[in-house]
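Chemist: model this:
(chains A and B)
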Amino acid sequence: MLIFENIRLALSSIRANKMRSFLTMLGMIIGISSVIAIVSLGDTMRSVVANEYKNVGLGLAYMYINPPDDTYGDNTYFTTADAEKLKEAMGDDLAYVGFNQSLRKDMTVGRRTKTLYVSGLAENPTAMKNLKIIYGRMLSDKDFQEKRHHIVLQKETAEGFFGDANAVGKTVKVKLNEDQEEFLVVGVYENQDSALMKALQGGSMEFAYIPESLMVTEDSYNWSLYFVVSDVNQMDSMKSRVTAYMARMKNLQPEYIVMSSASEEMGMIDSMLGSLSAVVGAIAAISLVVGGIGIMNIMLVSVTERTREIGIRKALGARTRDILTQFLIEAAMISAAGGLIGTILGISVVAIGGMLFGITTVVKPQVIVIAVAFSAMVGLGFGLYPARKAAKADPVIALRYE
Amino acid sequence: MKEIIKIENLNKTYDTGAIQVHALRGINLTIHEGEYVAIMGQSGSGKSTLMNILGCMDRQFSGTYELDGISIAQQSENQLSAIRNQKIGFVFQAFQLIPRTSALKNVEIPMIYAGMKADARKAKAAALLEKVGLGQRIHHMPNELSGGQKQRVAIARALANDPAIILADEPTGNLDTKASYEIMEFFTNLNKEGATVVVVTHEEEIAAYTDRIIRFQDGQIISDKKVVKGSC
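Modeler: Numbers count the residues shown, from 1 in each chain, chains lettered A, B, ... in the order given. Alright, predicted model coming up:
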């Protein structure tokens, strides 16, 4: 029998029992929409993380020294002299070398004091932090070399203290050590982190940037040293070059120098988020099985109700496989329609969520294809038993069924 | 005349586990093309069992049954479906129309299973409904039709694939007297046009429309007579 006739039959049967069909579909709708929403949430988080690292720069790496048996000494820390030497040795291959100091400090203007993060930036600061300056300028190499008390504020900080984002030329006091020191605002930047990233970082943290030479002095010992390579593709070779150089300089075995890069970290977070969303998605997929059992249940009821119709069709010449196809297509259509509605609902939920958080959401087409194909398969799988039951009916008995 | 139905030594036993019911005992019956036959008998006489076998819905029997030259016992399930579809036009006591499905669609069903193209079968279904006097009601649902009208839809459906034989199982059992006579006159006219018609009934008035009456009792044929038409 023609497949088109079966589709028409299935549609009229679904229409004849609207409420029942809808309730049956509901299982598939909930299952598919939650799978799509969860998997898309995972994919969105991954893309947000990837974007974040794109802002930071995948050329960023850091090292620390992990000596054997915890024998820490003078040669297991980094000093500003080490940083200078490394920079000289690597020349243009390193775009930035610094300690990436970031500390919670009190900032005061007049009588108002606020706690925020103060971060140090070394020479060539844009290689480390590509801030979107809206007023004034970024810190300069001279600011670093001459230890000028210059500061770049976040837009919100400037507005909070001065009522105006353009705070260039104003002064703020920062308690770096024991005493308050006066800083001249040379620039204001706008935070470009996504709402989701801000939420992940734990609310609205404000950052101010000053020359790192004011925070890290010549006599301080530092756990870790950061650098940015000029060519991201040379990351691996640069890592081994820096390791070898540092080991020689510090008189240490190279294996005691632990090196980690932003791309490695990103890869770790990415695979963690990936497996997390796969696991949660799999749990949500269980609801699809529940939905499938719902379809089987209602198809069994439908087959029993329509015993006489099956008998009539068989008497009029329907073959076993005609009846089988009729009921299978009906089950698959209920399931696929549920899958389609579920897909639309899932995408809508993701889109609305994305709008609320102000992020670009990621809904991969293959997720949709897999979800809808899976729902149709659930329909076929769970529809098979009722359809076989219908197809095997004896026309003599079925015609007499009341 | 061509033999449409040829039955030799047909036996049918229902095995219900505890007891065996011998429903048909050694039936011999031949019906030729163009005949108009009534099969009569009390309930339990075996006439319904015979009807199921004649209708190719039951092939669990011993003996031989040939329909239009085809030996039914040797056919597969799918072949039997095709034979029911092509050779037999069923008319049932309870009409057996598919609910929530228009008269036109009901008449189309045998043609759908025959693989007929949509346009052709729609046209033929409409023509058949016109022929049974329901040209104005082709889009009515079964629950919007009277008993007599339903049975006329069923007759139109029975004629859909130009069957070799029309099998009517108590076609007037659910109808009032007036509708019953209308339906029987319809069968009479079909027979005059050349159709082979077999009617199962327990009513003498209905059997009187036919040309040959076969009486059943306890699974056996007790009489097989040509009807002598009165001067009515």
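
Chemist: Quick check: A:Gly42 touching A:Ser275?
Modeler: No. With contact defined as C-beta atoms under 8 Å, A:Gly42 does not count as touching A:Ser275 (9.2 Å). In this view, the C-beta of every residue, glycine as well, is placed from N, C-alpha and C.

Chemist: If you count surrounding residues, which of the two has more?
Modeler: A:Gly42 (21 against 11; other C-beta atoms under 10 Å in any protein chain shown).

Chemist: tell me the secondary structure for A:Thr108?
Modeler: strand (DSSP: H, G, I helix; E, B strand; the rest coil).

Chemist: A:Leu23 too?
Modeler: Secondary structure, three-state DSSP: A:Leu23 is helix.

Chemist: which ones are touching it?
Modeler: A:Gly294 (C-beta atoms under 8 Å, 6 or more residues apart in numbering or on different chains).

Chemist: For it, give its distance to chain B.
Modeler: For A:Leu23, the distance to chain B (C-beta to the nearest C-beta, to the nearest Å) stands at 20 Å.

Chemist: Kindly list the longest helix within chain B.
Modeler: helix B:177-192 (DSSP state H).

Chemist: Pull out the buried residues from that helix.
Modeler: Residues B:179-184, B:186-187, B:190-191 are the ones in helix B:177-192 that count as buried (16 or more other C-beta atoms under 10 Å in any protein chain shown).

Chemist: Which strands and helices lie in contact with it?
Modeler: Packing partners of helix B:177-192 (3 or more C-beta pairs under 8 Å, 6 or more residues apart in numbering or on different chains; DSSP states H and E): strand B:36-41, helix B:147-158, strand B:165-169, strand B:197-201, helix B:204-207.

Chemist: now chain B, which segments are flagged as low pLDDT?
Modeler: For chain B, applying pLDDT under 70 flags the ranges B:230-232.

Chemist: How about the residues of it by chain A?
Modeler: Proximity of chain B to chain A (C-beta under 8 Å from any C-beta of the partner chain) is limited to residues B:52, B:55, B:57-58, B:77-78, B:81-82, B:84-86, B:90, B:92, B:96-101, B:109-110, B:112-115, B:157, B:161.

Chemist: do that again at 6 Å, thanks
Modeler: Of all the residues in chain B, those in contact range of chain A (C-beta under 6 Å from any C-beta of the partner chain) are B:52, B:57-58, B:78, B:81, B:84-85, B:90, B:96, B:98, B:100, B:109-110, B:112-113.

Chemist: Need the buried ones from those selected in PyMOL.
Modeler: Paste this into PyMOL to select the buried members of those, with burial taken from 16+ other C-beta under 10 Å:
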select buried, chain B and resi 52+57+58+81+84+85+90+96+98+109+110+112+113
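
Chemist: pretty sure A:Gly339 contacts A:Ile30?
Modeler: No. The criterion here is C-beta atoms under 6 Å, and A:Gly339 misses it with A:Ile30 at 11.2 Å.

Chemist: Mind checking which of those two has more residues around it?
Modeler: Taking other C-beta under 10 Å, A:Gly339 and A:Ile30 do not tie; A:Gly339 has more neighbours (31 against 19).

Chemist: Does the more buried one lie in a helix or a strand, and which?
Modeler: In the assignment (DSSP states H and E), A:Gly339 maps to helix A:320-357.

Chemist: what pLDDT, on average, does that helix get?
Modeler: Helix A:320-357 shows a mean pLDDT of 90.

Chemist: What helices and strands are in contact with it?
Modeler: With contacts taken as 3 or more C-beta pairs under 6 Å, 6 or more residues apart in numbering or on different chains; DSSP states H and E, helix A:320-357 sits against helix A:3-16, helix A:18-56, helix A:262-305, helix A:365-391.

Chemist: repeat that with 10 Å
Modeler: Packed against helix A:320-357 by the contact rule (3 or more C-beta pairs under 10 Å, 6 or more residues apart in numbering or on different chains; DSSP states H and E) you find helix A:3-16, helix A:18-56, helix A:195-200, helix A:262-305, helix A:307-315, helix A:365-391, helix B:77-87.

Chemist: Quick check, the residue in chain B closest to chain A?
Modeler: Evaluated by C-beta to the nearest C-beta, chain B has B:Asn85 as its residue closest to chain A, separated by 2.4 Å.

Chemist: All set, thanks.
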